[in-house]
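1. The sequence isn't on hand, but the structure is:
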């Protein structure tokens, strides 16, 4: 069979399996691994030229890390806050340590346990972003914390690739690593950026970035590192340029194509063994229960409510693409056997399926276990942000959620010296409001206990900036007819439902923005300086 015919069959089956995975609401990666399994020796045996697929898949790995480096921004770690960084480090440390001993108990060798336990610590950024985006929870508190944890995991994964991917002695590996890093930084700053500045077309910039990626990848291979490290450094060196977004948008298609071949290659090497089913299920249970538990405990101790802590933990309960990449690299270097690669590939598939259910039904799952999870809130070490009851107090306005909209409302009410109470579920935001001498309690609008404890019936007005319709309905059911309740929704159909439930007014942020923009256009007088001053006041 010719190479063209082989690639044609591979891509057609991969496309069919990707469509099937999409229909089953699973990520495309699942389809690609299954396509590789079908094409491999266990079933159709189509993949005859394995060497070609391995080479192409390695290029996919380089592009994958190139994109990670290109999109890596240290400022993002500051945006997600200390809790994400600390929770990420704690989760990786505990999962790695517990995972290593658990694997040794399952009779895995020390070296295999090392690689597998490290793979178990790494969740899937691709899956989590997709599912949280579908639920419109990417910018929620638990969504931001989960993304911060994933960012920490990505950084650790890249460092692990650099250390474990080298075949040199530790001292030589460090020296070669410094040389490669210096080449990337100096070359990017004093060679690539000036050339980019002289480039007159987007095609030229695209070709230059691809060439730079291949050059550093080849240099990494020459220095006995994984080519993925070279791709990552190439991306990092271009991340601060004005062309980063343009390069990223153009390279994505190449990355997706070659990364597809990588996942197919892994799937083709999967060997189904009935004897390994029990250990596979045990590892899946470890990831699906252990990872969420570690994050949950860490967050409730840090002062977060059980609901936020639980749904954050559920978000990272899977083995991701970086874990698969690490084990595949170890397999290519002869450090682990084919059965280990098969195990991690099957583990990725199994945890992806369960994790999809976890994330899509996270709030419902929490409700089922709420009575067991709530008592853990007493473990909180954050005494300043402990919830307290103010049932008999009186306030003019009660505000649920101190996000961007909530903060604007709070600032305006403060200027008018209104007596207000803020209910916020982010401990760090609660501390900021306390510093501003604003009455605030730690709580979640979706928590009936919090709603009962807040003096809703004594307030003249209640404002909720939380877009969850279920939480808004709960709030409306506890209010009095005398109290004006303003809630927030993302969809017009939710707004109509909330009006029927008794809301005085329903805010739809993007609709209000569009109406305001149309008024500004009609006036033909955009108050730019005033608007920019307002933005700086809010976000600096």
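-> Alright, I've got the coordinates. Keep in mind it's a predicted model, so treat the numbers as computed, not measured.
2. Leaving out sequence neighbours, find the closest residue to residue 293.
-> residue 313 (6.8 Å; C-beta to C-beta, 6 or more residues apart in numbering). Yep, even glycine has a C-beta here, placed from its N, CA and C like the rest.
3. what about residue 486, which helix or strand?
-> Element membership of residue 486, judged by DSSP states H and E, is strand 484-488.
4. circling back to that earlier point, next, count neighbours for the residue nearest to residue 293.
-> For residue 313, the count of nearby residues is 28 (other C-beta atoms under 10 Å).
5. quick one: average pLDDT of the helix or strand encompassing residue 513?
-> Assigned by DSSP H and E, residue 513 belongs to helix 509-523. Helix 509-523 carries an average pLDDT of 73.
6. And residue 214, how close does it get to residue 231?
-> Distance, residue 214 to residue 231, by C-beta to C-beta, to the nearest Å: 9 Å.
7. actually residue 424, not the one I wrote
-> On the measure of C-beta to C-beta, residue 424 and residue 231 end up 41 Å apart.
8. Residue 415 too?
-> From residue 415 across to residue 231, the span is 52 Å (C-beta to C-beta).
9. who's more crowded, these two?
-> Set residue 415 next to residue 231 and count neighbours by other C-beta under 10 Å: residue 231 wins out with 30 against 8.
10. I'd say the more buried one and residue 219 touch.
-> No: using C-beta atoms under 8 Å as the test, residue 231 is too far from residue 219 to be in contact (10.8 Å).
11. For residue 214 and residue 231, list the residues in contact with both.
-> Common contacts of residue 214 and residue 231 (C-beta atoms under 8 Å, 6 or more residues apart in numbering): residue 62.
12. could you list every residue that touches the spatially most central residue of the chain?
-> The residue lying closest to the centre of the chain (C-alpha atoms, centre = their mean) is residue 147, at 3.3 Å. Residue 147 is in contact with 80, 84, 125, 128-129, 132, 138, counting by C-beta under 8 Å, 6+ apart.
13. Show me which positions of the lengthiest helix in the chain end up buried.
-> Of all segments of type helix in the chain, defined using DSSP state H, the longest is helix 74-105. For helix 74-105, the neighbour count (16 or more other C-beta atoms under 10 Å) marks 77, 80-81, 83-88, 90-92, 94-96, 98-100, 102-103 as buried.
14. Kindly list the main-chain dihedrals of the residue nearest to residue 227 when sequence neighbours are not counted?
-> If the residues on either side of it in the chain are set aside, residue 227 comes closest to residue 217, at 4.0 Å by C-beta to C-beta, 6+ apart. Backbone torsions for residue 217, taken as degrees, to the nearest 10, come to phi -70, psi -40.
15. Could you give the number of residues near residue 217?
-> For residue 217, using other C-beta under 10 Å, the count is 27.
16. For it, give me its contacts.
-> By C-beta under 8 Å, 6+ apart, the neighbours of residue 217 are 62, 227-228, 230-231, 234.
17. Could you tell me which of the residues you listed belong to helices?
-> Per DSSP H, the contacts of residue 217 map to helices at 62, 227-228, 230-231, 234.
18. Lowest pLDDT pick from those residues?
-> residue 228 (81).
19. So it sits against residue 160, correct?
-> No: assessed by C-beta under 8 Å, residue 228 is found out of contact with residue 160, at 10.8 Å.
20. So the two - more neighbours on which side?
-> residue 228 (30 against 20).
21. Next one: that one from residue 148, what distance?
-> Taken as C-beta to C-beta, the span from residue 228 to residue 148 is 23 Å.
22. which one is residue 140 nearest to, not counting chain neighbours?
-> Residue 140's closest residue in space is residue 132 (C-beta to C-beta, 6+ apart), at 7.9 Å.
23. Now do the helix or strand where that neighbour lies: which elements does it pack against?
-> Element membership for residue 132, per DSSP H and E: helix 125-134. Packing contacts for helix 125-134, counted by 3 or more C-beta pairs under 8 Å, 6 or more residues apart in numbering; DSSP states H and E, involve helix 141-164, helix 338-360.
24. hmm, back to that, just give me the neighbour total for the residue nearest to residue 140.
-> Considering only other C-beta under 10 Å, residue 132 is surrounded by 22 other residues.
25. Show the contacting residues for it.
-> 138, 140, 143, 146-147, 315, 359.
26. By neighbours, which of those residues wins?
-> Ranking the contacts of residue 132 using other C-beta under 10 Å puts residue 146 first, with 30 neighbours.
27. ok, now which ones touch it?
-> Counting by C-beta under 8 Å, 6+ apart, the residues that residue 146 touches are 128, 132, 312, 315-316.
28. any idea which of those residues is closest to residue 408?
-> Nearest to residue 408 among those: residue 132, at 24.9 Å, using C-beta to C-beta.
29. if I look at the closest one, how far off is residue 197?
-> Taking C-beta to C-beta, one finds residue 132 at 38 Å from residue 197.
30. now residue 460
-> 59 Å.
31. Ok, residue 470 next?
-> In terms of C-beta to C-beta, residue 470 sits 52 Å off from residue 197.
32. Those two: which is more packed in?
-> residue 470 (14 against 10).
33. so what's the spatially most distant residue from the centre of the chain up against?
-> The C-alpha centroid of the chain is most remote from residue 482, which lies 42.5 Å away (C-alpha atoms, centre = their mean). Counting by C-beta under 8 Å, 6+ apart, residue 482 makes contact with residue 457.
34. Residue 310 now?
-> Contacts of residue 310 by C-beta under 8 Å, 6+ apart are 292, 296, 362, 365-366, 369, 373.
35. For it, pull up the helix or strand it's in.
-> helix 306-315.
36. Hey, what's the angle from that helix to helix 74-105? Just curious.
-> Helix 306-315 and helix 74-105 are oriented at 70 degrees to each other (axes from the mean of the first three to the mean of the last three C-alpha atoms, to 10 degrees).
37. secondary structure element for residue 252?
-> Residue 252 belongs to helix 244-268, assigned by DSSP H and E.
38. Show me which positions of that helix end up buried.
-> 244, 247-248, 250-251, 254-255, 258-268.
39. pLDDT (mean, whole number) over that helix?
-> 84.
40. Packing partners of that helix?
-> helix 3-23, helix 28-39, helix 50-71, helix 202-222, helix 321-332, helix 338-360.
41. at 10 Å instead, please
-> helix 3-23, helix 28-39, helix 50-71, helix 202-222, helix 227-239, helix 321-332, helix 338-360 (3 or more C-beta pairs under 10 Å, 6 or more residues apart in numbering; DSSP states H and E).
42. after that helix, next one along is what?
-> Defined by DSSP H and E, the subsequent element after helix 244-268 is helix 277-285.
43. which of the residues in that next one are buried?
-> Here helix 277-285 shows 280, 283-284 as buried, counting by 16+ other C-beta under 10 Å.
44. Burial check on residue 120, number of neighbours?
-> For residue 120, using other C-beta under 10 Å, the count is 26.
45. just checking, it touches residue 286?
-> Yes: contact criterion C-beta atoms under 10 Å: residue 120 and residue 286 qualify, at 7.0 Å.
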